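**Q** fold the following and give me the result.
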Amino acid sequence: MFKGQLLTKIVYLLAITLAFVIGCQGPKGDPVNPKENPVTEQKNTNLKIATLAGGCFWCIEADLEKLAGVAKVISGYTGGSQENPTYEEVSAGGTGHVEAVQVYYDPDRISYEQLLDVFWRHIDPTDPGGQFVDRGSQYRSVIFYHDEEQKRNAENSKESLNKSGRFSKPVATEIKAFSRFFPAEDYHQDYYKKNPLRYQYYRHGSGRDQFLKKAWEKEPAAPEKAGKYQKSAPAELRKKLTPLQYKVTQEEGTEPPFNNEYWNNKKEGIYVDIVSGEPLFSSLDKYDSGTGWPSFSRPLEPKNIVEREDRKLFSRRTEVRSKHGDSHLGHVFPDGPPPTGLRYCLNSAALRFISKEELETAGYGDYRKLFPPK
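**A** Residues are numbered from 1 along each chain as shown. Okay, here's the model as predicted:
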């Protein structure tokens, strides 16, 4: 994303220049009028809206759209007074607007408080002057509340983060009343899916992920979860796992397609790590990708998923591992179905399926509400 303010960051000059050359801004001279890209009415009338700003909306959209319970995320502009602003006008810094996203979410699957918890973990909340290499008030972090309940939850969440001692500086993220939202030009929507290489190039060069890793890598486990999901010693794992399960999870192996336990499983329930038992994916997000491996559009618990760059086999892919068990699960690709456009292609040998009828007795009763009686 080429933005004038980035030129002050000499260390990123080459990355930003290249991004400009290959067209990271999208089609030049032919922007889509925001009026022609309205937010479509949601069929699920139970969906609620959260409006959040955290710098580059490409990144915030990509991070939040992966969450279970999120129907879709729209990139756009809000907070200023100018009608129908364009990207060029907002990025120049004279409109009063910020780059932001509107999140359409199902409160029965993910709460507003949980959205905020994820939001904090994908921004630098202590920076009042922008986010990472994107400088200026148009890139500052803001929570725009839609009602008094959201305002109260946002203030409580911000206060908790301040008191946590996570950051040495105070949280600078503003909390403001929502007014109007203008969807961004079409080429900005789902940019991470339409232009995955350019998006990854920008994101890495921005320093966002490097900051987040440093800020959150030493996060202690929540008290109620401490010790719940653990990885056994190698000798114990060899006794516990089949040879194929061990090869897949511990040696990054791959099982054969169409000849594994869950590729065609259509039962309702959740999938957990065969090593640690931590919840990973749900049948609600499972689909037939035609590959012969179990495939999902998003995780059930994103906090239990770790993504790493994989350069094996003379290609560049994104490996998926479990957080607590550190098991190799498979890979994620940007060719999946809506609403995320992602395909988490996994090995059955890394998973254990727990049907909805077994959730209570297996210790996963909190997920029973995902599967109401029909």
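**Q** the stretch 101-250 of the chain: strands as residue ranges?
**A** 130-131, 134-135, 141-145, 174-177, 181-183 (DSSP state E, counting those that start in this stretch).
**Q** turn those strands into JSON lines, including mean pLDDT and mean neighbour count.
**A** C-beta here means a position set from N, CA and C on the backbone, and glycine is covered the same way. Supplementary listing: the strands of the stretch 101-250 of the chain in JSON lines, determined by pLDDT from 0 to 100; neighbours: other CB atoms under 10 Å:
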{"stretch": "strand 130-131", "mean pLDDT": "96", "mean neighbour count": "24"}
{"stretch": "strand 134-135", "mean pLDDT": "96", "mean neighbour count": "22"}
{"stretch": "strand 141-145", "mean pLDDT": "98", "mean neighbour count": "23"}
{"stretch": "strand 174-177", "mean pLDDT": "97", "mean neighbour count": "14"}
{"stretch": "strand 181-183", "mean pLDDT": "97", "mean neighbour count": "21"}
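**Q** closest to L300 out of those?
**A** Closest to L300 of the strands of the stretch 101-250 of the chain, according to CB to CB: strand 141-145, at 25.3 Å.
**Q** so what touches that closest one?
**A** 51-55, 78-79, 98, 100, 116, 119, 123-125, 127, 131, 151, 154, 158, 172-178 (CB atoms under 8 Å, 6 or more residues apart in numbering).
**Q** which stretches of the stretch 101-250 of the chain have low pLDDT?
**A** 218-227 (pLDDT under 70).
**Q** where do the helices sit along it?
**A** Counting by DSSP state H, counting those that start in this stretch, the stretch 101-250 of the chain has helices at residues 112-120, 148-164, 191-194, 196-206, 208-216, 234-240, 243-251.
**Q** then the fourth one to PDB, C-alphas only?
**A** As requested, the backbone C-alpha atoms of helix 196-206 are provided in PDB (Å, rounded to 0.1, in the frame of the first residue of the first chain):
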ATOM      1  CA  PRO A 196      -2.100 -12.400  -1.500                       C
ATOM      2  CA  LEU A 197       1.600 -11.900  -2.500                       C
ATOM      3  CA  ARG A 198       1.400  -8.100  -2.600                       C
ATOM      4  CA  TYR A 199      -0.500  -8.100   0.700                       C
ATOM      5  CA  GLN A 200       2.000 -10.400   2.400                       C
ATOM      6  CA  TYR A 201       4.900  -8.200   1.000                       C
ATOM      7  CA  TYR A 202       3.300  -5.100   2.400                       C
ATOM      8  CA  ARG A 203       2.400  -6.600   5.700                       C
ATOM      9  CA  HIS A 204       5.800  -8.000   6.400                       C
ATOM     10  CA  GLY A 205       7.500  -4.700   5.400                       C
ATOM     11  CA  SER A 206       5.200  -2.700   7.700                       C
END
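**Q** now do that helix against helix 208-216, angle only.
**A** Calculated by axes from the mean of the first three to the mean of the last three CA atoms, to 10 degrees, helix 196-206 forms an angle of 50 degrees with helix 208-216.
**Q** nearest spatial neighbour of the residue nearest the centre of the chain, chain-adjacent residues omitted?
**A** When CA atoms, centre = their mean is applied to the chain, the residue found nearest the centroid is D63 (2.5 Å). Nearest non-adjacent residue to D63, counting by CB to CB, 6 or more residues apart in numbering: H122, 4.5 Å away.
**Q** near that neighbour, how many other residues are there?
**A** Close neighbours of H122, defined as other CB atoms under 10 Å, add up to 20.
**Q** contacts only, for it.
**A** Counted by CB under 8 Å, 6+ apart, H122 has contacts G54, C59, I60, D63, L64, R208, L212.
**Q** what's the closest of these to P337?
**A** For the contacts of H122, the nearest to P337 is L64 (17.6 Å; CB to CB).
**Q** who touches the closest one in this structure?
**A** L52, V70, V73, V101, V103, L115, V118, F119, H122.
**Q** show me what the helix or strand containing the first one is packed against.
**A** Assigning secondary structure by DSSP states H and E places L52 in strand 48-54. If you count contacts as 3 or more CB pairs under 8 Å, 6 or more residues apart in numbering; DSSP states H and E, strand 48-54 packs onto helix 57-65, strand 98-105, helix 112-120, strand 141-145.
**Q** if we use 7 Å, what do you get?
**A** For strand 48-54, the helices and strands in contact under the criterion 3 or more CB pairs under 7 Å, 6 or more residues apart in numbering; DSSP states H and E are strand 98-105, helix 112-120, strand 141-145.
**Q** out of these, which is the most enclosed?
**A** Compared across those, strand 98-105 shows the largest average neighbour count, a mean of 26 (mean count of other CB atoms under 10 Å).
**Q** show me what that strand is in contact with.
**A** 39, 42, 47-53, 55-57, 60-61, 64, 69-79, 90, 115, 138-140, 142, 181 (CB atoms under 7 Å, 6 or more residues apart in numbering).
**Q** how about stretch 231-238?
**A** K240, Y246, Q250, V275, S276, H324, G325, D326.
**Q** and the residue lying closest to the fifth one once chain neighbours are set aside, how many neighbours?
**A** Just to be clear, that refers to S276. Leaving aside its chain neighbours, S276 sits nearest to G325 (3.2 Å; criterion: CB to CB, 6+ apart). Residues near G325, counting by other CB under 10 Å, number 25.
**Q** per-residue pLDDT, G325?
**A** For G325, the pLDDT comes out at 92.
**Q** quick one: contacts for it?
**A** Remark: with contacts taken as CB under 7 Å, 6+ apart, G325 is in contact with Y229, K231, D273, V275, S276, E278.
**Q** counting neighbours, what do you get for the nearest residue to the last one once chain neighbours are set aside?
**A** With CB to CB, 6+ apart as the criterion, E278 has its nearest non-adjacent residue at 4.0 Å, and that residue is Y229. For Y229, the number of neighbouring residues by other CB under 10 Å comes to 19.
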